[in-house]
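>>> Predicted model and sequence follow; I will ask about them next.
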Amino acid sequence: MRKLAKLLEVRDIWFDAVDCRIPCFLHIINICMTHTMKEYTNADFSAITATWVGALGDTMNKAEYVEALATDPISLGRNIVHIICASSQRRKGFCDTIINSNANEWYTGH
């Protein structure tokens with residue numbers, strides 16, 4: 001940190017090497033998303049109509065949407081990523097699945 005303070009001082013940027021911390025950008029994003037999703041999953045949807053058209057043109061059902069949010073999809077996704085990354089066999093299997101799926105055009109909607 002002292003070296004960083006000296007590098008910044010040359011550019012007239014004040015930095016206290018003892019009392020300052022540089023937070024990781026990804027950690028900040030994670031904190032923000034966690035707070036956002038916590039608020040969103042607990043949001044009051046009472047004023048929302050029973051159905052609406054989503055951004056992709058599909059009809060969204062309010063009850064199903066609220067139920068899906070209650071399962072905390074971000075945490076579920078994060079857990080899946082942790083499980084995949086925890087094992088080289090799982091990482092390879094996931095990579096193979098993506099390669100095969102792309103080769104078979106499973107994600108194209110055709």
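Looks like it arrived, so ask away.
>>> Distance-wise, check residue 68 relative to residue 57.
19 Å (Cβ to Cβ, to the nearest Å). The C-beta positions use only the backbone N, C-alpha and C, and glycine is treated the same way.
>>> Please report phi then psi for the closest residue in space to residue 60 that isn't next to it in sequence.
The shortest distance from residue 60 to any non-neighbouring residue, by Cβ to Cβ, 6 or more residues apart in numbering, is to residue 54 (4.8 Å). Residue 54 adopts backbone torsions of phi -80, psi 180, taken as degrees, to the nearest 10.
>>> cool, and the one 5 residues further on?
Note on residue 59: backbone dihedrals following degrees, to the nearest 10 are phi -80, psi 130.
>>> who's it bridged to?
With DSSP bridges applied, residue 59 shows beta-bridge pairing to residue 53.
>>> Next up, the contacts around it.
Applying Cβ atoms under 8 Å, 6 or more residues apart in numbering to residue 59 gives the contacts 51, 52, 53.
>>> For residue 15, state which of the residues you listed is nearest.
Nearest to residue 15 among the contacts of residue 59: residue 52, at 49.0 Å, using Cβ to Cβ.
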